[in-house]
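**Q** Just the structure for this:
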Amino acid sequence: MKLEKIKDILQAEVKVGAEYLQKEVKMAGGSDLMSDVLSFMKPGSLLLTGLINPQSVRTAEMAEIVAVCYVRGKKPLPETVELAKEKGIPLLLTQFTMFEACGKLYQRGLPGRVEYKGG
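**A** Numbers count the residues shown, from 1 in each chain. So this is what the prediction gives:
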């Protein structure tokens with residue numbers, strides 16, 4: 001699914017990276033625990049999170065995440081925005097909760113392939 005379609009589904013504002021809206025997103029996952037993102041999310045994913053500090057962008061870069069979408073109307077910190085610009089990682093902002101945003105994307109056909117390994 002194109003990032004542009006995700007933006008429309010989530011009624012999201014593009015804070016950074018409007019030039020990347022044609023990027024393809026393979027799957028999505030929601031988490032505020034960046035350790036879980038690193039452990040379970042796959043490259044090519046969209047990260048939905050409420051964590052607005054630069055760690056969300058650093059984690060996205062390490063995990064080869066296509067874009068980050070901040071939920072619940074949260075606004076990323078200025079240093080987060082600057083880091084995303086520097087790294088070329090699109091940032092989207094939606095008013096939906098994480099549960100609602102994930103559900104809307106899943107309902108429209110975007111899979112969530114985050115594998116739980118127990119423990």
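**Q** Can you name the element that comes right after the lowest-mean-pLDDT helix or strand in the chain?
**A** Taking mean pLDDT, DSSP states H and E as the measure, the chain has helix 34-40 as its least confident helix or strand, at a mean of 91. Following helix 34-40 in sequence order, the next helix or strand is strand 45-49 (DSSP states H and E).
**Q** Paired strands for that following strand, with orientation please.
**A** Applying DSSP bridges, strand 45-49 is found paired with strand 27-30 (parallel), strand 67-70 (parallel).
**Q** mind listing the helices in the protein by residue range?
**A** Taking DSSP state H, the helices of the chain run over residues 3-9, 34-40, 54-62, 78-87, 98-107.
**Q** quick one: contacts for the residue nearest to residue 26 when sequence neighbours are not counted?
**A** Excluding the flanking residues, the one nearest residue 26 by Cβ to Cβ, 6 or more residues apart in numbering is residue 44, at 3.8 Å. C-beta: built from backbone N, CA, C; applies to glycine. Contact analysis of residue 44 by Cβ atoms under 8 Å, 6 or more residues apart in numbering lists 24, 25, 26, 27, 64, 66.
**Q** in the sheet, who's paired with the fourth one?
**A** On DSSP bridges, the residues paired with residue 27 through beta bridges are residue 45.
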